[in-house]
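Undergrad: what's the 3D shape of this:
(2 chains)
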Amino acid sequence: MSNDVVVETDGLTKKYGDIVALESLSIQVRRGQILGFIGPNGAGKTTTIKILVGQARPTRGSASIAGVDCVNDAQRIKELVGYMPDTFGTYDNMRVHEYLDFFGAAFGIPRRDRILRVEEVLETAGATYMRDRFVESLSHGMKQRVAIARTLLHDPEVLILDEPANGLDPQARIEMRELLLQLASMGKTLIVTSHILPELSRICDQVAIITHGKLRAFGALNEILREVGQQRRIEIQLLDADSADRAAGIVRQNVEKDADVVASSTEFTVRFQTSHSEQDLGALLSQLVTAGVTVSQFREEAMDLEDTFLSITQQTAS
Amino acid sequence: MNNPIIQREVVGFLRSPWSLALQFIPAFLLAGLVIMRWPSAGQIDLAGSQARQVFELFGYGILTAIILLVPIFPATTIVLERQQGTLALLLNSPMTNWSIYFGKLIGSLICVLLPLFMSFPAAAAWYAMTGVDLVEHLGRLYVVLLMATIQYATLALLVSSFTSSTDAALRITFSMVLLLAVASLAPFQLVQGGQGITVWIAEWIRSLSPIPALMEIVGRGDVTAQGLVTKTGFFGRFIMMAAVTSLYFIVHGAVRLRQTLFDRPRPQGVMTQDRSHLGQWGRRMVFLVDPQRRTAAIGDWTNPVLVKEFRSRRFGRSQWMFRLVAASAVLSLLLAYTATTETIRWGVETIGGMMVVLQVGLISILTPSLAAGLISSEHENGGWKLLMMTPLSATRIVIGKLLSVGWTVGLTLMATLPGYVVMMAIKPVLQQQVLYVLVCLLLTAVLSVTLSAAVSSLFRRTAPATITCYALLTLLLAVPMLIWLARDNPFGHSLVENVLTISPMAAAFTAMDVPGFVHYDLLPLNWYLIGAASIVCCVVLGVQTWRLTRPL
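TA: Have a look, this model is predicted:
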C-alpha cells in the first residue's frame, strides 16, 4: 500500500444469506482526496460504508483506513473516521452546543479542550449562530451543518458523509459544496455518497460507480468519462446551411457507416457520435478546411457524471 | 360509518394481531371464571352468592383493564398522524375538524370496546346462575364501564392533540387517568366525617372516579369511607361527572384540530446570559434552576450518556427534578401529617399502606416513562448509529442510561421517606417493619428499572416499548391485588398467597401489617423472586445490548 493511500478495500464482499450485497470491491483513496461514491438505491453503498466504519463484517476481503483494519480494530477506526449517516440522530430538548459537547465527551476530549473545540467546529461548519438553538428545531440544512460539525469534533483523518446534500435547497447545496472543498483543503479525506450527481462532479477527485454490489467504474472523473463515453459526441458549427450540408457529406465519408450524422439547416450545425481517436478527428477537421468549408467551431460535447451514471446503469441493466 | 377515518381506524385495528388478543383473552378469562363458580355436583346456589362473587371480580377486573387499555389507542392516534404528516393532509381535506375528531373517537371506541363486547356471553352466564340482576347489576355495571371508556378515550384524544411524541402522550394520559380514577378518591379520605363545603367538594371530586360507583353496584359499600358514613348515589354522580368531563374533552379536543396546530415558530434559543441585566435578574428571581441558562460542559469524570439522558429529557433537567422531588416530599409530608393526626382512627399500619401505594404508584408511573425509551428511542431518532461510532463501550452506555433513571427514581423515592420517620417516631417498634418495607420498595424500583430497560432493548420504537412496560408492571402489581380482592370468594388462601408472592407491593403490605395482608407470609420468598427477576432482566438487557453493538 502506498503511504499516500488512506482508505483501501481489497476484494470486499458481503453476503446476507443468498443475497450478494457487495462483490469484490477494491478501491483506494489518497489523502486529501474526495471520493464520490455513486450508485442507485440498494447498490451496496451503505453496506460498504458500514464495513468501513466497523459496523458490519465483510464475508470476504479486507478494508483499512490509514493502515488500520476496519474489521478487527473497530475501536481505532472510530478515532480515525468521522461518520455522518443519512439520518441526523436528534436528541430532543438539547441545544446545539450541548449536543456537540455530548459527542465531544463521548470521544473522550478533555473538558477544557472540548469547550474550544465545539466553538471551532461550529465555526468551520458555519453554524456558530445556531449554538443555543434546540437541535430538533433546526431546519434540514442547519442540521446538516451541525452533523458536519459533529463529525469534525475528534479531528478525524477521514470523513464519510452519507448523502450530505440530500434535501438541501440550491443555496445550501452550494454552501455544502464549499464546505466539503474546505474540509479537503484541510487535509481530510472524504468519501461522499450522493444522488445529486452534478454536485459530486464539481468536487470529486475520484468517482466510484457501483450497481448491484459490483464496482462498475472507478478512477478520476475524466478517465471514467472517457472509459464510459466510448462514443464521443462532436458538434461542428458552420456559417450557413449550405456549408452544413457539405460538411455533413464529408463527415459521413469519414466516420463509421452506421453513425448518426445530423445536419441542422436552422442552427447551421452538424452533430455526430464516433469512437474515432483524437488523430482521426484532427484529420477530419483538416479535410473540412481543405474542402473550403468554413468551420467556426469544432468541439466535443462534454458528457457529465449523470450521463456516465445512466450509461453504466443502463449497460448493467441490459 | 361513512366517515373514512372510522373505516381506516377500525380496519387497521382489526388487521393487527392485538385485535385477536383483545377478543380472545377476555373471553377465555371470563369463561374460566364462569366455569370456576358454575354450580356442580347437583348443588344449586339459590342465594346466587357464587354468581355475585364472580360478578364482583369481573367488575374490578374489567375496570382495571379499561383503565390500563383504553388510553393506549386514542392517546397515540393523533400524535402518530402528526408525526407521519397525515394530520396535515386530513386538515387540508374538505373534512371538518369535528368529523376528523369523531372519526378518531368512534374508531378508537370501537377498538377499545371490543373486550367489553366479548364479556357479554359471560355476563349472560352469571345472569343464568341467578343472584345477578339484569338491570340493577349488569345494566348499571355496563353503563359505568361504557362511561368510563368514553371519559378516558376522550381524555386520551385531548392529550394526544397536545403532545409531540407517542411516549409523552402515553405517559401523560396514564398519569391523568390514574389521577381521575384513583387520586380523586384521596381528598375525601382526608376530610370525611366533617361537614361543609370542603366535604361537599371532596365528595364530587370522588365522583370523578368510577370506583365508588362500581363498589356501589357490586354491593361493597362506600370506598375510602372507613365505615364512618356510607353514602349512596355514586352511580348517578359518576354518570353526571363522566358526561360533563367527556363533553369538555370532546369540545376542547375537536377545537384543537385546526391548521393552527402547526402554527408554531421555531424556538430561537435566547439564553439567559444573552439577556439584559434586568432580564437576567428577573429570571433569577423566578427560577430556582433556570432552564434557559447555558449549561456547562460535561465533566471529564462524568459518564456523558448520563448527562445526555438528563439533558435530552424534558423532565430530566434540574428544574423538573426539583419540582418532582418537591411534589413527592409534599405528598409524603401530607401523609406524615395525617399519620400524626389520624393515628388513632386509622392506625399507623393503614397509613403505612397508603405510603406504600404512593411510592409503588410513583415507581410504576415514573419508571416505564423514563426507562422504556432508553434504547428504543435511540433507534427511533437515529442516535444509536452515532453512539456506535463513538469509543463509548456498550457497558458504559447502558450504565449511563440506567443511572439516569435510577437517580431520578431514587431521588423521588427518597423524598417520600420522611413519612416513615414520623411513623417510627410514633411507634418505635415499627423500625424493623419499615426496614423491610424499604427493601421491598428498593427491589420494586430495581425490578421496574431493569424490566423497562430490558423491554426497551427489545423494541425499535418507544411507544410499543412503553405500552409493554406498563402492561408487565400492571400484571405484576395490579393483577395480584385483583386476586386478593376476591380472597376466600372464590380464590382460596393458598392460591391468593402464591399469587401475592410475586407482587412486591403485597410484600410491602405484609411487612407493614396492613389490614387484609396480616395472614399472608410472603417474605423473604418475594425478595428472592424479585431479585431473580431483576437479574434475568439484566441478562436480557446485556445480551440484547451486545447483539445491538456487534458488527453485523
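
Undergrad: nearest the geometric middle of chain A, what residue?
TA: In chain A, the centroid-proximal residue (CA atoms, centre = their mean) is residue A:36; its distance is 2.0 Å.

Undergrad: mind listing what that residue touches?
TA: Residues counted as contacts of residue A:36 (CB atoms under 8 Å, 6 or more residues apart in numbering or on different chains) are A:192-194, A:200-201, A:203-204, A:206-208, A:221, A:305. The C-beta positions use only the backbone N, C-alpha and C, and glycine is treated the same way.

Undergrad: out of the residues you listed, which one has the weakest pLDDT?
TA: Among these, residue A:305 has the lowest pLDDT, at 67.

Undergrad: quick one: contacts of the lengthiest helix in chain A?
TA: Secondary structure of chain A read by DSSP state H shows that its longest helix is helix A:170-185. Outside of helix A:170-185, the residues within contact range by CB under 8 Å, 6+ apart are A:32-34, A:124-126, A:141, A:144-145, A:148, A:152, A:159, A:161, A:164-165, A:168, A:190, A:192, A:196, A:199, A:202-203.

Undergrad: report the buried residues of it.
TA: Residues of helix A:170-185 classed as buried by neighbour count (16 or more other CB atoms under 10 Å in any protein chain shown): A:172-173, A:175-177, A:179-180, A:183-184.

Undergrad: check stretch B:84-104 too.
TA: B:87, B:90-91, B:95, B:97, B:99-104.

Undergrad: now the strands: where do they sit in chain B?
TA: In chain B, no strands are defined using DSSP state E.

Undergrad: what does it have sitting close to chain A?
TA: B:165, B:266-271, B:274, B:294-295, B:297-300, B:302, B:304-305, B:307-308, B:311-314, B:317, B:381-383, B:385-392, B:551-552 (CB under 8 Å from any CB of the partner chain).

Undergrad: so where's the stretch 151-300 of chain B shaky on pLDDT?
TA: For the stretch 151-300 of chain B, the stretches with pLDDT under 70 are B:189-190, B:192-193, B:220-232, B:263-269, B:288-289.

Undergrad: same check, this time on the stretch 451-552 of chain B
TA: B:489-490.

Undergrad: repeat that for the stretch 1-150 of chain A.
TA: In the stretch 1-150 of chain A (pLDDT under 70), the answer is A:1-3.

Undergrad: out of the buried residues of stretch B:84-104, which is nearest to chain A?
TA: residue B:87 (17.9 Å; CB to the nearest CB).

Undergrad: surely that closest one and residue B:78 touch.
TA: Yes. Counting by CB atoms under 8 Å, residue B:87 touches residue B:78, with 6.7 Å between them.

Undergrad: who touches residue B:404 in this structure?
TA: Contacts of residue B:404 (CB under 8 Å, 6+ apart): B:305-306, B:309-310, B:313, B:316, B:370.

Undergrad: just send those back as TSV, with neighbour count and distance to residue B:290 too.
TA: Shown next, in TSV, are the contacts of residue B:404 (neighbours: other CB atoms under 10 Å in any protein chain shown; distance: CB to CB, whole Å):
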residue	neighbour count	distance to residue B:290
B:305	26	24
B:306	19	21
B:309	24	20
B:310	20	16
B:313	22	17
B:316	20	16
B:370	26	23
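
Undergrad: let me see the contact set for residue B:23.
TA: Counted by CB under 8 Å, 6+ apart, residue B:23 has contacts B:114-115, B:118.

Undergrad: of these, which is the most crowded?
TA: Counting neighbours by other CB atoms under 10 Å in any protein chain shown, residue B:115 leads the contacts of residue B:23 with 23 neighbours.

Undergrad: so for that one, what's the nearest residue that isn't a sequence neighbour?
TA: Using CB to CB, 6 or more residues apart in numbering or on different chains and skipping residues adjacent in sequence, the residue nearest residue B:115 is residue B:26, 4.3 Å away.

Undergrad: in a strand, that's where residue A:235 is, yeah?
TA: Yes. Remark: residue A:235 belongs to a strand, assigned using DSSP: H, G, I helix; E, B strand; the rest coil.

Undergrad: that one bridge partners, please.
TA: residue A:271, residue A:299 (DSSP bridges).

Undergrad: could you double-check that it lies in contact with residue A:271?
TA: Yes. Residue A:235 is within contact range of residue A:271, at 5.1 Å (criterion: CB under 8 Å).

Undergrad: ends of stretch A:185-194, what's the gap?
TA: Across stretch A:185-194, the terminal residues are separated by 20 Å (CA to CA, to the nearest Å).

Undergrad: list the buried ones in that stretch?
TA: Buried residues in stretch A:185-194 (16+ other CB under 10 Å): A:188-194.

Undergrad: what's next to stretch A:134-145, contact-wise?
TA: With CB under 8 Å, 6+ apart as the criterion, stretch A:134-145 contacts A:88, A:90-96, A:99, A:125-127, A:130, A:133, A:146, A:164-165, A:167-169, A:172, A:175-176, A:179, B:266-267, B:269.

Undergrad: now residue B:108. Nearest residue, chain neighbours left out?
TA: Nearest one to residue B:108, counting by CB to CB, 6+ apart, is residue B:74 at 4.1 Å.

Undergrad: list the contacts for the one you found?
TA: Contacts of residue B:74 by CB under 8 Å, 6+ apart are B:104-105, B:108, B:112, B:152-154, B:156-157, B:160, B:173.

Undergrad: dump the residues you listed to a markdown table, plus distance to residue A:105.
TA: As requested, the contacts of residue B:74 are arranged in a markdown table below (distance: CB to CB, whole Å):
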| residue | distance to residue A:105 |
| --- | --- |
| B:104 | 43 |
| B:105 | 47 |
| B:108 | 43 |
| B:112 | 45 |
| B:152 | 43 |
| B:153 | 44 |
| B:154 | 45 |
| B:156 | 39 |
| B:157 | 41 |
| B:160 | 36 |
| B:173 | 35 |
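
Undergrad: where does pLDDT dip in the stretch 201-318 of chain A?
TA: The model of the stretch 201-318 of chain A has pLDDT under 70 over residues A:225-231, A:302-306, A:313-318.

Undergrad: how about the backbone phi and psi for residue B:258?
TA: Main-chain dihedrals, residue B:258, degrees, to the nearest 10: phi -130, psi 170.

Undergrad: count the neighbours of it for me.
TA: 12.

Undergrad: next, find the distance separating it from residue B:169.
TA: To residue B:169, residue B:258 is 19 Å away according to CB to CB, to the nearest Å.

Undergrad: one step back: show me just the buried residues among the residues of chain B next to chain A.
TA: So, by 16+ other CB under 10 Å, the buried ones in those are B:165, B:269, B:271, B:295, B:297-298, B:304-305, B:307-308, B:311-313, B:317, B:381, B:383, B:385-390, B:392.

Undergrad: contacting residues for residue B:545?
TA: B:375, B:394, B:397-398, B:457.

Undergrad: top of those by neighbour count?
TA: residue B:375 (29 neighbours).

Undergrad: hmm, that one is touching residue B:453, no?
TA: Yes. Taking contacts as CB under 8 Å, residue B:375 lies within contact range of residue B:453: 7.3 Å.

Undergrad: overlap in contacts of these two?
TA: Joint contacts of residue B:375 and residue B:453 (CB under 8 Å, 6+ apart) are residue B:401.

Undergrad: hang on, the earlier thing: nearest to residue B:191, out of the buried residues of stretch A:185-194: which one, please.
TA: In terms of CB to CB, no member of the buried residues of stretch A:185-194 lies closer to residue B:191 than residue A:193, at 67.9 Å.

Undergrad: give me the contact list for the helix or strand harbouring residue A:12.
TA: Assigned by DSSP states H and E, residue A:12 falls within strand A:5-16. Strand A:5-16 has contacts (CB under 8 Å, 6+ apart) with A:1, A:20-31, A:35, A:44, A:47-48, A:51-52, A:56, A:58-66, A:157-158, A:189, A:191, A:213.

Undergrad: if you set the cut-off to 7 Å instead, what comes out?
TA: Under the criterion CB atoms under 7 Å, 6 or more residues apart in numbering or on different chains, residues A:1, A:21-31, A:47-48, A:51-52, A:56, A:58-66, A:157-158, A:189, A:191 lie in contact with strand A:5-16.
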